[in-house]
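Student: Sequence and predicted structure are below.
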Amino acid sequence: MPSWSDSLKNLTRKEAYPGAMMKCLDGRDGMMSAKSQNGIKIVAVKSDNCFPVPTDEVIAEYPNVEAMIDDGWVID
C-alpha cells in the first residue's frame, strides 16, 4: 500500500495548522480548517483566480493528527 515518506509525516506532525493546504493519498486536496482539543477538520477547496479557497464542505474529520496521518492526509 502506498504511503507518504516519514519526513513528510513528521513535517505534518510539527507544521500542520488551520489554513494549511493538505493532500491525501487518494488524490484529494483540502485545507485544514480547525485543529484543537476537539479534533481536526479538513474542508474542500475551490480555485478562485488560481488560488485555493476553502469551502464549507467538511471532507474529513479526525480526533488527532495521528489519525489524520493514518488515513493518508499530510501537509502539502
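Tutor: Yes, it's here.

Student: can you count the residues close to residue 7?
Tutor: When neighbours are defined as other C-beta atoms under 10 Å, residue 7 has 8 of them. Placement of C-beta: from N, CA and C, glycine included.

Student: Backbone dihedrals for it, both of them.
Tutor: Per-residue torsions, residue 7: phi -70, psi -40 (degrees, to the nearest 10).

Student: quick one: pLDDT of it?
Tutor: Looking at residue 7, its pLDDT is 97.

Student: what kind of secondary structure is the residue positioned nearest the centre of the chain in?
Tutor: In the chain, the C-alpha nearest the mean C-alpha coordinate belongs to residue 22, at 3.5 Å (C-alpha atoms, centre = their mean). Three-state call for residue 22 (DSSP: H, G, I helix; E, B strand; the rest coil): strand.

Student: and the gap between residue 69 and residue 51?
Tutor: Look at residue 69 and residue 51: by C-beta to C-beta, to the nearest Å, they are 26 Å apart.

Student: Return the distance of the most far-flung residue of the chain relative to its centre relative to residue 35.
Tutor: Largest separation from the mean C-alpha position in the chain: residue 49, at 21.8 Å (C-alpha atoms, centre = their mean). According to C-beta to C-beta, residue 49 stands 27 Å off from residue 35.

Student: try residue 16
Tutor: Distance from residue 16 to residue 35, counting by C-beta to C-beta: 7 Å.

Student: Give me the more crowded residue out of residue 69 and residue 51.
Tutor: Each of residue 69 and residue 51 has its neighbours counted (other C-beta under 10 Å); residue 69 has more, 20 against 8.

Student: Now do the phi/psi pair for the more buried one.
Tutor: Dihedral angles (degrees, to the nearest 10) for residue 69: phi -60, psi -40.

Student: For it, give me its contacts.
Tutor: Going by C-beta atoms under 8 Å, 6 or more residues apart in numbering, residue 69 touches 4, 9, 12-13.

Student: how far away is it from residue 76?
Tutor: Residue 69 is 13 Å from residue 76, by C-beta to C-beta.
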